[in-house]
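# Quick one: sequence plus predicted model below, questions after.
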Amino acid sequence: MTEHPSAPAGRSPITPARQASLREHNLGMVLDQIVNVVNPPSRADIAASTGLTRATVSALADRLIAGGLITELAPVSSQRAGRPAVPLVPAPRSLMAIGLEVNVDYLGVRIIDLTGAVLAEQVVTGNFRATRPEPVMATLAAVFADTVAPLTAEGIPLAGCYLALPGLVDRKTGPLRLAPNLGWGPVDVVALLTEATGLTDTPVWMANEATLAARAEAEMLRPLGVHSFFYVSGEIGIGGAIVNDGAVMPGRHGWSGEIGHTLIDPLGPLCGCGALGCLEQYAGKDALMRAAGLDLALPVDALLTTSDRGRTVLALAAGGRALGTALSNTINLIDVDTVVLGGIYAPLAPYLLPEIQQEISARVLFHPWSPVTVQAAQATDYAALTGGAMTVLGEIVRDPSSWTQRILG
Ligand SMILES: [Zn+2]
């Protein structure tokens, strides 16, 4: 490393590149203060909370306004003397952050903006078991094109897409390693989606569906003071995510949380993953419907509306016991005091909870003095779509300079 000729001894020179990256960092910090707070802050509030000077905050806020990421509300007079404060808020309809999902019995698209408002969405039910990825991605691309078209016509730019899949994903750029219930893998799903949608200039990323749903749930629980929990996502498969201090713990490769393939009975039924007796075969949607004597193609609501109440109650009790057993094993291993039931388990929670709680009381070692709370998810209604779109927003907030550069040049 060569010393800068005019640098004082013992001090590294601050190069233009460093100043630029500091400015980028500060731009993200200011946007974060505006997007992730309850009360809209003024420039002075942001200066006070970040330690930046008022002039720096003003310059950065002006850049964010010009880039369409934030906007000013009407000035409010404060108690203190001086000019009225101008609250800053995320700009509505200034960009499209897109969550996409392919699951075993549906696929969908949800578009949100920086305010968190849903601008458009479409969910299509279907049967995607044992399919080939190419035609499914073509269907998803058609739904995507249809959902995006009116917003594109309005001139709203696309910020990025996050695709949720029920399988093992280790990098956000792919590939998908394995999705047992779709019968996919390994496959470069991002490349297929990029080609099918023609999105060559827009980032397309992917993640496990439970990971993205857990991110949406973490956002809902943050204001309630719940920052660490285990999220279990019931669909035909069962996914899970460990959330610690607001962040999903991915594990060594990004494959943590696969509670659906933990063991209930070594002599149990064959699972889509090739092993015997996985939790999915006892508490996945197919398993619950089969035990209740219902057509597997029916929506999960059929469990709540069927006339054969007796058989359904027994089916849900057995599913709840299996789920409670697997959850107890998980809680003993990772030490969380909150479990969130997502996906189909949210509406079924009242029927599953007694058995789950009984298993947890009997099996979790610390439960007598630190009781475990089990609750239905707050982020319902295809939470992975919201989580995916929110993760796109997270990328913008982390690095808004790429966005402002794209808009402003
Ligand atoms: Zn399995």
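Everything's here; your move.

# Spell out the residue ranges of the helices in the stretch 1-150 of the chain.
Using DSSP state H, counting those that start in this stretch, the helices of the stretch 1-150 of the chain run over residues 16-35, 43-50, 54-66, 133-153.

# Show residues contacting the first one.
Residues external to helix 16-35 that are found in contact with it (Cβ atoms under 8 Å, 6 or more residues apart in numbering): 40-41, 45-46, 49-50, 52, 56-57, 60-61, 63-64, 69-70, 88-90, 114, 393, 396-401, 404. Backbone N, C-alpha and C define where each C-beta goes, glycine included.

# Next one: residue 338 from the ion, what distance?
25 Å (Cβ to the ion, to the nearest Å).

# buried ones in the biggest helix by length in the chain?
Counting by DSSP state H, the longest helix found in the chain is helix 309-334. Residues of helix 309-334 classed as buried: 312, 315-331 (neighbour count, 16 or more other Cβ atoms under 10 Å).

# Equivalent analysis for stretch 221-230, please.
So stretch 221-230, judged by 16+ other Cβ under 10 Å, has buried residues 221, 226, 228, 229, 230.

# for the closest residue to the third one other than its chain neighbours, phi and psi?
With Cβ to Cβ, 6 or more residues apart in numbering as the criterion, residue 228 has its nearest non-adjacent residue at 5.0 Å, and that residue is residue 244. When read as degrees, to the nearest 10, the backbone of residue 244 gives phi -120, psi 120.

# Report the beta-bridge partners for residue 244.
Partner residues in beta bridges with residue 244, using DSSP bridges, are residue 247.

# Would you state the predicted confidence (pLDDT) at it?
At residue 244 the predicted local distance difference test score is 96.

# before we move on, what about residue 83?
Reading off the per-residue confidence, residue 83 sits at a pLDDT of 74.

# list the contacts for it?
For residue 83, the residues meeting the contact criterion (Cβ under 8 Å, 6+ apart) are residue 75.

# what does the stretch 301-409 of the chain have sitting close to the ion?
Of all the residues in the stretch 301-409 of the chain, not one is in contact range of the ion (Cβ under 5 Å from the ion).

# In the stretch 301-409 of the chain, which residue sits nearest the ion?
Residue nearest to the ion within the stretch 301-409 of the chain (Cβ to the ion): residue 326, separated by 11.5 Å.

# Skip the chain neighbours and tell me the closest residue to that residue.
By the measure of Cβ to Cβ, 6+ apart, the closest residue to residue 326 outside its immediate chain neighbours is residue 279, 4.5 Å from it.

# Equivalent analysis for residue 301, please.
Computed as Cβ to Cβ, 6+ apart, the closest residue to residue 301 that is not its neighbour in sequence is residue 347, at 7.3 Å.

# So what touches the helix or strand where that neighbour lies?
Secondary structure here is read from DSSP states H and E; on that basis residue 347 sits in helix 345-363. Contacts of helix 345-363 with the rest of the structure, by Cβ under 8 Å, 6+ apart, involve 232-234, 288, 300-301, 303-304, 313, 316-317, 319-321, 323-325, 327-329, 331-332, 339, 341, 367, 372, 374-377, 380.

# at 7 Å what do you get?
Residues external to helix 345-363 that are found in contact with it (Cβ atoms under 7 Å, 6 or more residues apart in numbering): 232, 234, 300, 303, 316-317, 319-321, 323-325, 327-328, 331, 341, 367, 372, 374, 376-377, 380.

# Okay, now the unreliable bits of the stretch 151-300 of the chain?
Nowhere does the stretch 151-300 of the chain drop to pLDDT under 70.
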